[in-house]
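Q: Just to be clear, the model below is a prediction. Sequence and coordinates:
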Amino acid sequence: MSRRKDKAARLKKEQERNAELPNPFAAGALDALGDLPAGPEEEDGTEQSPQAERKERKRGRVDIIRETAHRGGKAVTIVKNFPGVELSEKKELAKLMQKTCGVGGTVKDGCIEIQGDQREAVREILCEAGFQPVFAGG
């Protein structure tokens, strides 16, 4: 038997087996389950999530620097002087900056390095995170 005929025979057997099973999407199939549980209740919006609180408060000044030294003439945007920010949060910010700018980057020695001259995009991200970004250097 050729491969095509063998495949056709297998598909036909599979369709016959599936025809015997009840269709979960058929009309009335979900009625047999009874009442579904209620969804989550909506909040009135008076309480804020921890992320919203973190973004609203002033978190301090950070420096945004464009550097080309020792990089073969390629520009790199460096964010320095994070006041009291953990390494895990710096990595999250770096990942967001990389995704937004569409470039690579890393966290080195407590500084975030983003490839290319991305100062404006990085500034917007830091403002949304509650920091006060300042363009430093030349």
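A: Yep, that arrived.

Q: Pop out the phi and psi values for the residue nearest to residue 63 when sequence neighbours are not counted.
A: Residue nearest to residue 63 in three dimensions, not counting chain neighbours: residue 136, with 4.0 Å by Cβ to Cβ, 6 or more residues apart in numbering. Any C-beta I mention is one placed from the backbone N, CA and C, and that applies to glycine too. Here is the backbone geometry of residue 136 (degrees, to the nearest 10): phi -110, psi 160.

Q: for this protein, what's the longest strand?
A: strand 61-67 (DSSP state E).

Q: surely residue 97 meets residue 120?
A: No - Residue 97 lies out of contact with residue 120 (Cβ atoms under 8 Å); the separation is 11.7 Å.

Q: Comparing the two, which residue is more hemmed in?
A: Ranked by neighbour count (other Cβ atoms under 10 Å), residue 97 and residue 120 place residue 97 first, with 22 against 11.

Q: Name the SS class of the more buried one, please.
A: Here residue 97 is helix, with the state taken from DSSP: H, G, I helix; E, B strand; the rest coil.

Q: And residue 124, by the same measure?
A: Quick answer, by three-state DSSP: residue 124 is helix.

Q: and the helix of greatest length in the chain, average pLDDT?
A: As assigned by DSSP state H, the longest helix anywhere in the chain is helix 3-20. For helix 3-20, mean pLDDT rounds to 80.

Q: how about the longest strand of the chain: buried residues?
A: Going by neighbour count (16 or more other Cβ atoms under 10 Å), the buried part of strand 61-67 is 62, 64-66.

Q: what do you get for stretch 131-138?
A: Of the residues in stretch 131-138, those buried (16+ other Cβ under 10 Å) are 131, 133.

Q: Which residues does that stretch contact?
A: By Cβ atoms under 8 Å, 6 or more residues apart in numbering, the residues outside stretch 131-138 that reach it are 58-67, 79-80, 82, 119, 122-123, 126-127.

Q: try it again with 6 Å
A: Stretch 131-138 is contacted by residues 59, 61-65, 123, 126 when judged by Cβ atoms under 6 Å, 6 or more residues apart in numbering.
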